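A.B. asks: mind folding the following:
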Amino acid sequence: MKIAIDIWHPSDIHFFKNFMSIMEKKGHSFLVTSRKKDIITNLLDSYGIAHTVASRKGEGVIGLSRELLEHNYKLLKAARKFKPDIFLAFGGMSISHVGTLLRKPSISFYDTEHAKLIKLVTLPFITKVCTPQSYSDDYGKKQIRFKAYKEMAHLLPQYYTPDDSILDVLGVQKDEPYFLLRFISWNASHDIGVKGLSDKAKIQLVHLLEKHGKVFISAEENQLVPELRGRALSIDPKRYFDVISHAQLVVTEGETTATEAVILGTPAIYANPLLTGVMTEQIEKYGIVEHITNEEKLLTRVNEMVHDESLQEKLDVKRKMLLQDKIDLTQWMVEYVSNYPLKKSRKSSRSKFRRFL
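C.D. replies: Okay, the predicted model is just below:
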């Protein structure tokens, strides 16, 4: 089988890399397309994954729309040469359009209900949408649900083992606590009109935590005020999960980092007003993530957590229950894609497609 995978976010790489490794051993081949955003191209290169850059990150609705057109064109050009049997992506905007034009099935994996722009330009054309069971939207026959979170495709114990050598990289002693803060850029299509923590709150948070250990910040350096830039995390992107797994506490505006933290057994606070079905399940069913957006309450709770000697023990119990409830998502993907009925005909939606271009 010839498989095209389209990458739009760094987390997409982690999501697909184990799937690709298993499928390549089974004799399948891949076309990977990417975009110039954050660390995407560097991360793909570091994993030795050959890829074609299809676009550069656009800013705002107009910039993202222009990028989508450019990305579609270059993906179409690469796909005509590669001749894939099937298209895969997390999100799936471009594969839904190009798959329609080439009359090939496109499968989107997705978990973000409030990404209205992505859904608007994807759902009319995508063949199948694979979502977690906790995903709140219903797409009828197009939708396939799996009992897992996307981060489980690469962070379950059978795929990932924390590496203690990250402590030397960070300059931290074995029993010395440290904290990770993750601040996002807020320029994704589903972030438009939403704001995160203020610079004042970020500074107060750092000063509070530094009384108890070193503080590392994951963010684009130009997002940080000068006072915080010296704490910006500078590591091989592949070591990010090692940083999370050894941290005493993670405070993050990004849902992906929050989910990664609890899967790895690290206490986490999610400081973002946007909630998906996945995050709601983690908060309400498992009680494994704390959701706090009020800055004063956040600082108070952080102070409580760093003094709570039973915090880790309580999290370990919840994490065990969570992992027992979920499946091996990578193996599920391998089985689903391997057995997908490629010979089934697909109707063209060219007229619909033109309305979005």
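A.B. asks: hey, let's count contacts and neighbours off CA atoms from now on
C.D. replies: OK.
A.B. asks: and the helices in the stretch 151-300 of the chain?
C.D. replies: 152-155, 166-170, 199-209, 226-229, 240-246, 255-264, 277-284, 295-306 (DSSP state H, counting those that start in this stretch).
A.B. asks: residue 53 against residue 34, yeah?
C.D. replies: Yes: using Cα atoms under 8 Å, residue 53 is in contact with residue 34, at 4.7 Å.
A.B. asks: okay, and the common contacts of those two?
C.D. replies: Residues touching both residue 53 and residue 34 by Cα atoms under 8 Å, 6 or more residues apart in numbering: residue 41.
A.B. asks: which one's more surrounded, those two?
C.D. replies: Neighbours were counted for residue 53 and for residue 34 using other Cα atoms under 10 Å; residue 34 has more, 25 against 17.
A.B. asks: what strands line up against the host helix or strand of the more buried one, and which way round?
C.D. replies: Assigning secondary structure by DSSP states H and E places residue 34 in strand 29-36. Strand 29-36 has the following sheet partners, assigned by DSSP bridges: strand 2-6 (parallel), strand 52-56 (parallel).
A.B. asks: I'd like the next helix or strand past that strand.
C.D. replies: Criterion used, DSSP H and E; the element after strand 29-36 is helix 40-46.
A.B. asks: still on that earlier bit, list the buried residues in the strand holding residue 34.
C.D. replies: 30-36 (16 or more other Cα atoms under 10 Å).
A.B. asks: can I get the strands paired with strand 29-36 in CSV with mean pLDDT and distance to residue 77?
C.D. replies: Formatted as CSV, the strands paired with strand 29-36 follow (pLDDT from 0 to 100; distance: least, Cα to Cα, whole Å):
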stretch, mean pLDDT, distance to residue 77
strand 2-6, 98, 12
strand 52-56, 96, 10
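A.B. asks: need the buried residues of strand 29-36 in TSV (columns: distance to residue 169).
C.D. replies: What follows is the buried residues of strand 29-36, written out as TSV (distance: Cα to Cα, whole Å):
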residue	distance to residue 169
30	34
31	34
32	31
33	31
34	29
35	29
36	27
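A.B. asks: could you dump those residues to a markdown table with pLDDT and distance to residue 170?
C.D. replies: Shown next, in a markdown table, are the buried residues of strand 29-36 (pLDDT from 0 to 100; distance: Cα to Cα, whole Å):
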| residue | pLDDT | distance to residue 170 |
| --- | --- | --- |
| 30 | 98 | 36 |
| 31 | 98 | 36 |
| 32 | 98 | 32 |
| 33 | 98 | 32 |
| 34 | 97 | 30 |
| 35 | 96 | 29 |
| 36 | 92 | 27 |
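A.B. asks: for the residue nearest to residue 137 when sequence neighbours are not counted, what are its contacts?
C.D. replies: Closest residue to residue 137 apart from its sequence neighbours, by Cα to Cα, 6 or more residues apart in numbering: residue 113 at 6.6 Å. Contact analysis of residue 113 by Cα under 8 Å, 6+ apart lists 135-137, 276-277.
A.B. asks: how about these, which pair is most distant?
C.D. replies: Farthest apart among these by Cα to Cα are 137 and 276. That separation is 10.0 Å.
A.B. asks: who's more crowded, these two?
C.D. replies: When residue 137 and residue 276 are compared on other Cα under 10 Å, the one with more neighbours turns out to be residue 276, at 17 against 13.
A.B. asks: ok, that one to residue 247 distance?
C.D. replies: 25 Å (Cα to Cα, to the nearest Å).
A.B. asks: again with residue 162
C.D. replies: 11 Å.
A.B. asks: who's more crowded, those two?
C.D. replies: residue 247 (23 against 16).
A.B. asks: show me what contacts that one?
C.D. replies: Per Cα under 8 Å, 6+ apart, neighbours of residue 247: 177-180, 266.
A.B. asks: which one of the residues you listed is nearest to residue 1?
C.D. replies: residue 266 (38.6 Å).
A.B. asks: make sure that closest one is actually in contact with residue 245.
C.D. replies: Yes: counting by Cα under 8 Å, residue 266 does reach residue 245; the two are 6.0 Å apart.
A.B. asks: how's the protein carved up into domains?
C.D. replies: Using automatic domain parsing, the domain parsing of the chain gives 2-148+328-356, 166-325.
A.B. asks: just to revisit the earlier point, so which of the strands paired with strand 29-36 is the most packed in?
C.D. replies: Mean neighbour count (mean count of other Cα atoms under 10 Å) peaks for strand 2-6 among the strands paired with strand 29-36, with a mean of 23.
A.B. asks: after that one, which helix or strand is next?
C.D. replies: Strand 2-6 is succeeded, C-terminally, by helix 10-25 (DSSP H and E).
A.B. asks: just the CA atoms of that next one, as CSV, please.
C.D. replies: C-alpha atoms of helix 10-25 as CSV (Å, rounded to 0.1, in the frame of the first residue of the first chain):
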residue,chain,number,x,y,z
PRO,A,10,4.8,18.9,15.5
SER,A,11,2.5,16.5,17.5
ASP,A,12,1.4,14.9,14.2
ILE,A,13,4.9,13.5,13.7
HIS,A,14,4.8,11.7,17.1
PHE,A,15,1.3,10.5,16.3
PHE,A,16,2.3,8.8,13.1
LYS,A,17,5.9,7.8,13.6
ASN,A,18,5.3,4.4,15.3
PHE,A,19,2.5,3.6,12.8
MET,A,20,4.9,4.4,10.0
SER,A,21,7.7,2.2,11.4
ILE,A,22,5.4,-0.8,11.8
MET,A,23,3.8,-0.3,8.4
GLU,A,24,7.2,0.1,6.6
LYS,A,25,8.3,-3.2,8.1
